[in-house]
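Participant: Requesting a structural model of the entry that follows:
(chains A and B)
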Amino acid sequence: MTSSITLTFPDGSERQFDSGITAGEVAASLSISLRRRAISAVFNGTHWDLQWPMEVDGSISINTMDDEGHALELVRHGLAHVMARAVQELWPETKVTIGPVIENGWYYDFDRETSFTPVDLELIQQRMRKIISQREPVRTEIWERSGAIKHYRNLGEPYKVELVEAIPHNQPVRMYWHGDWQDLCRGPHLGNIGQLPADAFALRSIAGAYWRGDSRNRMLQRIYGVAFRRKEDLKSHLKMLEEAQRRDHRRLGSEMDLFHFREEAPGMAFWHPRGWTIYKQLKAYMSRRQAVHGYVEVNTPTIVDRSLWEASGHWDKFQEHMFLVHIDSEQQENGKINALKPMNCPCHVQIFNKGQKSYRNLPLRMAEFGSCARFEPSGALHGLMRVRGFVQDDAHIFCEEAQIEGETASFIKMLTEIYTDLGFPEFKVKFADRPELRAGSDEIWDRAEGALVSATQAAGCEYELNPGEGAFYGPKLEFVLTDAIGRDWQCGTLQVDFVMPERLDASYVGRDGEKHRPVMLHRAILGSFERFIGMLIENHFGNLPFWLAPRQIVVASIVSHANEYTEEAVQRLIQAGIRAEADTRNEKIGYKVRELVTGRVPVIFAIGEREVAENTVSIRTLGKTGMEIVPLQDAIDRFAALAKPPDLVDGDQI
RNA sequence: GCCGCAGUAGCUCAGUGGUAGAGCGCACCCUUGGUAAGGGUGAGGUCGGGAGUUCAAUCCUCCCCUGCGGCACCA
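Facilitator: Residues are numbered from 1 along each chain as shown, chains lettered A, B, ... in the order given. Presented below is the predicted three-dimensional model:
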């Protein structure tokens, strides 16, 4: 009296099976070789374990190791369990928690008194290989919730008890056995541990991580691993990581003599002449861009009395991140305290508030390259990407509610232009909607979110939802770039704010002659110059576009009696607006070239007797091996044109 | 902030319970050399800071600072 189900295969054919048949049995019914190669199935869109029964009609396809996505998931997931087993075999007192698959690998969090060491990683790795070589089958069962809880209580696995308790009641509690070792897991898994590639994984690092990601909870020890289907894939991945480390902006920043950090001012960059050159160029570019897009530029105080921060709400919400300044003892006695500004917005509202504004002034786009200081937690600091002192390309658009959508759309357009100019035609967009704790009515939030979403869609931007991550005062768009090591950094942002204008009592006179509250859009494109320059360095591997390159041309003499002509050429290049230097050191040209090439100088002019005699230069361009002899004036004209920032380039330029 | 690891010359790193070494760089000299390293000589270090153990600490112990990898945070 078994009922039957109908399964549809990828080729469209249908077959009847007894209800409860497993995906593995279905594969076997198709062919013995397929059964042997099968690793999992996709049943009705769900990644399905070969051991799981199917009890409803549906579509099915069988996966083999050739199905990369599914194969990698099973491999990484399987290795997570094997690693946990290895750890418990080596150190039985260790408590297990969770071990999810992540990009390129997995991690597993353990609770153990003693810290894992790099030597332990090697031991674990060896034990994992041994476990894999035992080729034990994987078995799964669905358990009663209470039975599972009891089981884990008896085993002394408190984290597993918590996990079982957290499984929603409409979902099965699934247990897996890998040989004798057992773990709670929603699956699916490979049918046999021996299918895991013992030579295509590596344990990478040990790190702390809070249980359930909550800093109030106990700190566990997390071990990260990477895994692939084949040894070659692992090798190329490790090589790629090395490559990425080589383009780390912190490394390039010191190799190229751009900036440095020191103990006296943690999280604040000391910009060297070459780094500051990039900074200045970028700032000038942004300034021109903003002018074109209808922004006015302002400048506001760095040190501001606490009364403003109290009014803006920062004193309550942000104080622990603010650098406080006691100016003198008298002020201190009066309880007067100043703070370095962590943001520009309150100051901008004060400029808006000076004098009477009318709807005719809106939208008012007020920009500032404002120097901000935030006391970031020590563990958050990361080169230029996360600093305590930085300059934002900040602006606030004061507008009417009906203008939000239009302003958003033109902002996204401007941001896309700028990112493209700077070498980031691709970036992620996240839409962060209302958080649980928020100001303003649901109706206002509905309107603000709606305006942001429709403007984003109108701009043709794909975005992902970042639920509940909006600011307390309004929803935001986040524009995210990825660094060399794969870490994401938010650069641009657009935030709708109904709260700050209220708190600081901003108003304008509307068409009706009455006072109205403007809406404020907080927005930035680069985010901070520091972070964005970090991204630029990594993105270009230090080889910045010519207009941004801190050293554009070095004129190197080959013989010392060419030094005078060399200096003259440099002067003429500088007058033509090019960043040029002379290299008249007493060294061979081969030595100079090597040093300049490794120093990422985009263009070298070499000057020997011939060039002096013929009034030419020998040009060598970074990345090319050949050279080219050109009259000096022609070379100056050519590179002066190339040195133009992208927004100033004439149409017919390259 | 939390967990772990690290800090020796300008840089990259070696090293030892008896106050330190290499390569590169730097300075000077020789060399005038045609596109990725010409040769010689020399100067440089409170071994991150403080305390302790010891006859003696750069090395061992503790505290702090900074950095690195994560976690948490990123208004």
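Participant: Residue of the stretch 251-400 of chain A nearest RNA strand B, please.
Facilitator: Closest to RNA strand B within the stretch 251-400 of chain A is A:Gly379: 1.7 Å, counting by CB to the nearest atom of the strand. Yep, even glycine has a C-beta here, placed from its N, CA and C like the rest.
Participant: That residue in helix, strand or coil?
Facilitator: Secondary structure assignment for A:Gly379 (DSSP: H, G, I helix; E, B strand; the rest coil): helix.
Participant: Distance check, the residue of the stretch 401-550 of chain A found nearest RNA strand B against A:Asp49.
Facilitator: As assessed by CB to the nearest atom of the strand, RNA strand B sits closest to A:Ala471 within the stretch 401-550 of chain A, at 3.2 Å. A:Ala471 sits 43 Å away from A:Asp49, going by CB to CB, to the nearest Å.
Participant: Have a look at those two and say which one is more surrounded.
Facilitator: Using other CB atoms under 10 Å, the more surrounded residue of A:Ala471 and A:Asp49 is A:Asp49, with 25 against 18.
Participant: Setting aside sequence neighbours, what's the nearest residue to the more buried one?
Facilitator: The shortest distance from A:Asp49 to any non-neighbouring residue, by CB to CB, 6 or more residues apart in numbering, is to A:Pro188 (3.3 Å).
Participant: Pull out the buried positions in the helix or strand containing A:Gly69.
Facilitator: With secondary structure defined by DSSP states H and E, A:Gly69 is part of helix A:68-90. For helix A:68-90, burial by neighbour count (16 or more other CB atoms under 10 Å) applies to A:70-88.
Participant: Then stretch A:498-510?
Facilitator: A:Phe498, A:Val499, A:Met500, A:Pro501, A:Arg503, A:Leu504, A:Ala506, A:Ser507, A:Tyr508.
Participant: try stretch A:531-548
Facilitator: A:531-540, A:542-548.
Participant: same thing with stretch A:544-563?
Facilitator: Across stretch A:544-563, burial judged by 16+ other CB under 10 Å covers A:544-558, A:562-563.
Participant: Put the alpha carbons of it into CSV.
Facilitator: Provided in CSV are the C-alpha atoms of stretch A:544-563 (Å, rounded to 0.1, in the frame of the first residue of the first chain):
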residue,chain,number,x,y,z
LEU,A,544,47.8,54.5,-10.3
PRO,A,545,46.4,56.2,-13.4
PHE,A,546,48.8,58.8,-14.8
TRP,A,547,46.9,61.8,-13.5
LEU,A,548,46.9,60.4,-10.0
ALA,A,549,50.4,58.9,-9.9
PRO,A,550,52.5,60.7,-7.3
ARG,A,551,55.6,60.5,-9.5
GLN,A,552,54.7,60.9,-13.1
ILE,A,553,58.0,61.2,-14.9
VAL,A,554,61.5,60.8,-13.8
VAL,A,555,64.2,62.1,-16.1
ALA,A,556,67.3,60.0,-15.6
SER,A,557,70.7,61.0,-17.0
ILE,A,558,72.9,58.3,-18.4
VAL,A,559,76.2,60.2,-18.3
SER,A,560,77.0,63.1,-15.9
HIS,A,561,77.5,65.6,-18.7
ALA,A,562,73.8,65.2,-19.5
ASN,A,563,72.8,66.4,-16.1
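Participant: Would you mind listing what in the stretch 1-150 of chain A touches RNA strand B?
Facilitator: Counting by CB under 7 Å from any atom of the strand, the residues of the stretch 1-150 of chain A close to RNA strand B are A:Ser115, A:Thr117.
Participant: from what I can see A:Ala207 touches A:Leu121, true?
Facilitator: No - A:Ala207 is beyond contact range of A:Leu121, at 11.9 Å (criterion: CB atoms under 8 Å).
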